[in-house]
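>>> here is my input, please return the structure:
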Amino acid sequence: MSSLRLPIETDHLVLRPFERGDLDAVRRYHTLPSVQRYVERPTRYEEDVAAALAVMRSQVELHRPGETLTLAMVRRGDALLVGHVSLKWSDATAGQGELRFAIDPAQSGKGYLTQALTAMIDLAFDHFRIHRLMVRCDGRSHHSIKLMQKLGMRLEAHYREHALFQGEWDEELHFAMLDREWRPTAKVQDLPMRVRVA
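As a prediction, this is how the structure comes out:
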């Protein structure tokens with residue numbers, strides 16, 4: 001496997017490692033109640049956001065199972081940070097990986113997640129040679145469900161009332177895709193990627 005060269009560029013985004021100066025931008029979306037449900041660790045207070053950013057800043061390589069690569073989604077042109085995407089290497093023997101994402105709700109519906117996730121799927125299968133990718137999403141998030149279907153992922157599990165969040169039951173869906181199912185004809189054709197990987 002060749003070394004990974006960052007940033008990754010798409011038509012409308014630059015996917016790059018997080019920086020110290022990203023704190024205000026991360027706080028803007030990470031502390032919203034509509035995003036809190038989906039982030040890995042609660043970020044209600046200033047120190048929580050700083051701790052989450054420190055973790056994301058450290059997630060810049062993927063060499064062994066358990067590691068996560070997290071990239072900031074930065075809009076080309078004005079460098080506005082709109083969210084982040086992560087690729088976790090779950091299991092080396094079976095080649096399993098997981099994609100995670102969060103976006104500023106003010107920036108959703110503009111195709112940014114489609115481009116970012118397409119680039120990350122390319123990276124997972126073509127660069128890291130992952131065999132199977134999965135994504136979790138809220139069963140009530142119709143936008144996420146449609147996005148997973150658009151990317152060609154299949155629904156594999158529906159966990160009803162699997163966790164409580166602020167007194168409300170979560171419905172969690174698991175979508176997945178195998179490397180051989182991610183063919184050029186299956187990729188999102190209307191949003192061509194320009195991914196630079198050495």
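>>> the strands in the chain, which residues?
Taking DSSP state E, the strands of the chain run over residues 8-10, 13-16, 68-75, 81-91, 96-103, 132-138, 154-165, 168-178, 193-194.
>>> which one of those strands lies nearest to Leu32?
For Leu32, the closest of the strands of the chain is strand 96-103, at 9.6 Å, according to C-beta to C-beta. C-beta coordinates here come from the backbone N, C-alpha and C atoms, glycine included.
>>> give the rounded mean pLDDT of the closest one.
In this model, strand 96-103 has an average pLDDT of 95.
>>> tell me which strands it pairs with, and in which orientation.
Strand 96-103 pairs in its sheet with strand 81-91 (antiparallel), strand 132-138 (parallel), by DSSP bridges.
>>> what's the angle between it and strand 168-178?
In terms of direction (axes from the mean of the first three to the mean of the last three C-alpha atoms, to 10 degrees), strand 96-103 departs from strand 168-178 by 130 degrees.
>>> pull the CA atoms of strand 96-103 into PDB?
These are the backbone C-alpha positions of strand 96-103, laid out as PDB (Å, rounded to 0.1, in the frame of the first residue of the first chain):
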ATOM      1  CA  GLN A  96     -13.900  -4.600   7.900                       C
ATOM      2  CA  GLY A  97     -14.300  -0.800   8.000                       C
ATOM      3  CA  GLU A  98     -16.900   1.700   9.200                       C
ATOM      4  CA  LEU A  99     -17.700   5.200   7.900                       C
ATOM      5  CA  ARG A 100     -19.000   7.900  10.100                       C
ATOM      6  CA  PHE A 101     -19.900  11.500   9.400                       C
ATOM      7  CA  ALA A 102     -21.400  14.700  10.800                       C
ATOM      8  CA  ILE A 103     -22.400  17.800   9.000                       C
END
